[in-house]
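Engineer: Pasting the sequence and the predicted coordinates here, then a few questions.
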Amino acid sequence: MSNIITLPQTIFKRLEKISADTRRTPQTIIKQAITDPDRLEYEEWKLEQINARLADIKAERVYSTDEVYKKLAVRSSNKVTH
């Protein structure tokens, strides 16, 4: 069975971007969106977060593993014990 729906251009553009960025078919995304109305917003948020973290990496705004361990050690040694 094949059904046809007409989408507003704004929704279609959002769907195209999500489809391209996630490598999922528009049909799969639409099926998920029908069962979960917040799906498009979630997918857009998720892609924004991924792109922001990739930009951080590219701009070298990240900590090395050693830096993370040092920061954690400082925090754990500053804990107040009861």
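Structural biologist: Ah, there it is.
Engineer: Tell me the pLDDT of His82.
Structural biologist: Model confidence at His82, given as pLDDT, is 54.
Engineer: mind checking which helix or strand the residue nearest the centre of the chain is in?
Structural biologist: With distances taken as C-alpha atoms, centre = their mean, the residue of the chain nearest its centroid is Lys46 (1.6 Å). Lys46 belongs to helix 39-58 when assigned by DSSP states H and E.
Engineer: Tell me which residues are up against that helix.
Structural biologist: Applying C-beta atoms under 8 Å, 6 or more residues apart in numbering, the contact partners of helix 39-58 are Ile11, Arg14, Leu15, Lys17, Ile18, Asp21, Thr22, Ile29, Gln32, Ala33, Asp36, Val62. To be clear about C-beta, it is placed using only N, CA and C from the backbone, and glycine gets the same treatment.
Engineer: average pLDDT for that helix?
Structural biologist: Helix 39-58 shows a mean pLDDT of 92.
Engineer: Just the buried positions in it, please.
Structural biologist: Within helix 39-58, the residues that count as buried by 16 or more other C-beta atoms under 10 Å are Arg39, Leu40, Glu43.
Engineer: Show me what secondary structure element comes after it.
Structural biologist: Following helix 39-58 in sequence, per DSSP H and E, is helix 65-77.
Engineer: Check what contacts stretch 65-73 and list those residues.
Structural biologist: By C-beta under 8 Å, 6+ apart, the residues outside stretch 65-73 that reach it are Tyr63.
Engineer: and that stretch, C-alpha only, in PDB?
Structural biologist: Extracted in PDB, the C-alpha atoms of stretch 65-73 (Å, rounded to 0.1, in the frame of the first residue of the first chain):
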ATOM      1  CA  THR A  65      42.800  12.500  28.900                       C
ATOM      2  CA  ASP A  66      45.600  13.600  31.200                       C
ATOM      3  CA  GLU A  67      44.100  17.000  31.800                       C
ATOM      4  CA  VAL A  68      40.800  15.400  32.700                       C
ATOM      5  CA  TYR A  69      42.400  13.100  35.200                       C
ATOM      6  CA  LYS A  70      44.300  16.000  36.700                       C
ATOM      7  CA  LYS A  71      41.100  18.000  37.100                       C
ATOM      8  CA  LEU A  72      39.300  15.100  38.600                       C
ATOM      9  CA  ALA A  73      42.100  14.400  41.100                       C
END
